[in-house]
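> quick one, structure for this:
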Amino acid sequence: MTQNATLKQSPLAQYHADYHAQMVEYAGWEMPIKYETSIKDEHEQTRNSGGIFDVSHMGRLTFKGKDAIRLLEHTCSRKIGSMQEGQCRYGLICNEQGGVLDDVIVNRMGEKELLVVVNASNRDKIIGHMNSVIADRGFDVKMEDRTEKTAMIAIQGPKVMELIGKVSSEIQDLKRYRFLVKNLMIAKVIVARTGYTGEDGVEVIMPSSIVKMAISMLMKEMGDEEAQEMLKPCGLGARDTLRLEAGMPLYGHELGEDINALSCGIDFAIALDKSVENEGETFIGQEALLKTRDAGGPATKLVGFEIDSKRTPRQGMPILLDGTQVGTVTSGCASPTLGKSIAMGFVPSDKTEVGTKFEIDAGRATLPASIVKLPFYKR
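Sure, this is the predicted structure:
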């Protein structure tokens, strides 16, 4: 593993070196794209058993103070005040035009404390955005960037919760989108039953100083070699193909500042009924999104495609209908689970019926594509 002094290093850098990871630059961090096997092998390891992913590059921001709830209520598309302590919610942070600044996970830590996980590429932007809102509204909130003081790992796969049950029945019994706080070596560890692969599992946040020891303890607690074969390190390459099969949008692909939030197929994460009377705040971008809804909806919508070709569509390729470009591919891959090429992209809202046939312009060839229901894969 070669180190680039200009890139941020994960607290698990030595772990990656020990497992012979292939490292790449990602959002200013040096992160593993894969280990000694292949992206396909790591994808299948996660689908069939379990994988450990280092996601320490993702931003972790805490908000404390009497207006912490109001701040997130005003900046996030989900209802925050109604969250219970120990609950997580996926939501969007939008601009005034209804575009997406980022998609986030909000964790209700206490009455006046929230933890928000943001994308690595948007961390500085969201910090600036939150500081601006705090100043404009005069909110009494202290924001702290905990990203480089902590590590974050995702443990995902169908056998993960069974394995974790050998260590903690309390964690095994966690409900989806709930978290708990455990003490490990006098350090606070947050374990959430969330993930980005379409599989069951947990995401764990802990101080950087203990992460290597914590992983060693976990593997030792799980016991024999057979158990350790069930859980192997996996890189960001497999994480991307897993999330695409699960139909999960990725910022910079299906989500962006110029993409209307109602186009992205995640309406469950947008509470257009927020009101000052009920929640105390409406969210930034809500007015624009209400206008979009009342005008008949967005002009384009995100759909999934199965491709009748061995070639794989890539981001930016034109989507054609009767020879005319009507949309653009946002993500594509050869699906290891389905054994065929898949893609997502935006097309006109009146052309989104399952079975509708398009072509994707791959340069020297056009690839036959048919709309299928998302997600492509569901456990």
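> drop to CA atoms for contacts and neighbour counts, all remaining ones
Noted.
> as PDB, could you dump the C-alpha coordinates of stretch 252-272?
Provided in PDB are the C-alpha atoms of stretch 252-272 (Å, rounded to 0.1, in the frame of the first residue of the first chain):
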ATOM      1  CA  GLY A 252     -23.100  12.800  -7.400                       C
ATOM      2  CA  HIS A 253     -25.000  10.100  -9.400                       C
ATOM      3  CA  GLU A 254     -28.700  10.000  -8.600                       C
ATOM      4  CA  LEU A 255     -28.600  12.900  -6.200                       C
ATOM      5  CA  GLY A 256     -27.300  16.400  -6.700                       C
ATOM      6  CA  GLU A 257     -27.900  20.100  -6.300                       C
ATOM      7  CA  ASP A 258     -29.400  20.400  -9.800                       C
ATOM      8  CA  ILE A 259     -31.600  17.300  -9.400                       C
ATOM      9  CA  ASN A 260     -35.100  17.900  -8.000                       C
ATOM     10  CA  ALA A 261     -35.500  15.800  -4.800                       C
ATOM     11  CA  LEU A 262     -38.900  14.500  -6.000                       C
ATOM     12  CA  SER A 263     -37.300  13.000  -9.000                       C
ATOM     13  CA  CYS A 264     -35.100  10.500  -7.100                       C
ATOM     14  CA  GLY A 265     -37.600   7.900  -6.000                       C
ATOM     15  CA  ILE A 266     -37.100   8.500  -2.300                       C
ATOM     16  CA  ASP A 267     -40.400  10.400  -1.500                       C
ATOM     17  CA  PHE A 268     -40.600   8.500   1.800                       C
ATOM     18  CA  ALA A 269     -37.700  10.700   3.000                       C
ATOM     19  CA  ILE A 270     -39.400  14.000   2.100                       C
ATOM     20  CA  ALA A 271     -42.000  15.300   4.600                       C
ATOM     21  CA  LEU A 272     -43.900  17.800   2.500                       C
END
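> what residues does it touch?
77-79, 90-92, 94-95, 97-103, 249, 286, 289-290, 297-302, 315, 330-331, 344-345 (Cα atoms under 8 Å, 6 or more residues apart in numbering).
> ok, stretch 46-56 next?
10-12, 31, 42, 45, 147, 150-160, 199, 230-236, 239, 337.
> among the residues you listed, name the ones in helices.
Using DSSP state H, the subset of the contacts of stretch 46-56 located in helices is 42, 45, 160, 236, 239.
> and the closest residue to the fourth one other than its chain neighbours, what is it in contact with?
Excluding its sequence neighbours, the residue lying closest to L236 (Cα to Cα, 6 or more residues apart in numbering) is I33, at 4.7 Å. When contacts are counted by Cα under 8 Å, 6+ apart, I33 touches 21-24, 39, 235-238.
> can I get those residues in TSV with pLDDT, neighbour count and distance to V118?
Shown next, in TSV, are those (pLDDT from 0 to 100; neighbours: other Cα atoms under 10 Å; distance: Cα to Cα, whole Å):
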residue	pLDDT	neighbour count	distance to V118
A21	98	22	24
Q22	98	17	24
M23	98	21	22
V24	98	19	20
I39	98	21	24
G235	98	25	19
L236	98	22	16
G237	98	17	19
A238	98	25	20
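> restricting to C-alpha, output stretch 35-55 in CSV.
Taking only C-alpha atoms (Å, rounded to 0.1, in the frame of the first residue of the first chain), the coordinates of stretch 35-55 have been written out as CSV:
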residue,chain,number,x,y,z
TYR,A,35,-8.5,-6.4,-1.2
GLU,A,36,-6.7,-9.5,-2.5
THR,A,37,-9.7,-11.0,-4.3
SER,A,38,-12.0,-9.0,-6.6
ILE,A,39,-14.9,-6.6,-6.3
LYS,A,40,-17.2,-9.4,-7.5
ASP,A,41,-15.9,-11.8,-4.8
GLU,A,42,-16.3,-9.2,-2.1
HIS,A,43,-19.8,-8.4,-3.4
GLU,A,44,-20.8,-12.1,-3.2
GLN,A,45,-19.1,-12.4,0.2
THR,A,46,-21.5,-9.7,1.5
ARG,A,47,-24.6,-11.1,-0.2
ASN,A,48,-23.9,-14.6,1.0
SER,A,49,-22.3,-14.2,4.4
GLY,A,50,-20.8,-10.9,5.7
GLY,A,51,-18.4,-8.1,4.9
ILE,A,52,-16.6,-5.5,6.9
PHE,A,53,-16.4,-2.0,5.2
ASP,A,54,-14.3,0.9,6.4
VAL,A,55,-16.5,4.0,5.9
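> for it, buried residues please.
Within stretch 35-55, the residues that qualify as buried are 35, 39-47, 49-55, counting by 16 or more other Cα atoms under 10 Å.
> the residue nearest to the spatial centre of the chain and T147: what is the separation?
Geometric centre of the chain, nearest residue: Y196, 5.1 Å, by Cα atoms, centre = their mean. Separation of Y196 from T147 (Cα to Cα, to the nearest Å): 19 Å.
> please apply the same query to Q84.
Taken as Cα to Cα, the span from Q84 to T147 is 24 Å.
> of the two, give the one with the bigger neighbour count.
T147 (22 against 14; other Cα atoms under 10 Å).
> could you check the pLDDT of that one?
According to the prediction, T147 has pLDDT 98.
> and if you look at the one 3 residues further on?
What the model reports as pLDDT for T150 is 98.
> pretty sure it contacts I205?
Yes. With contacts counted by Cα atoms under 8 Å, T150 reaches I205, the gap being 6.6 Å.
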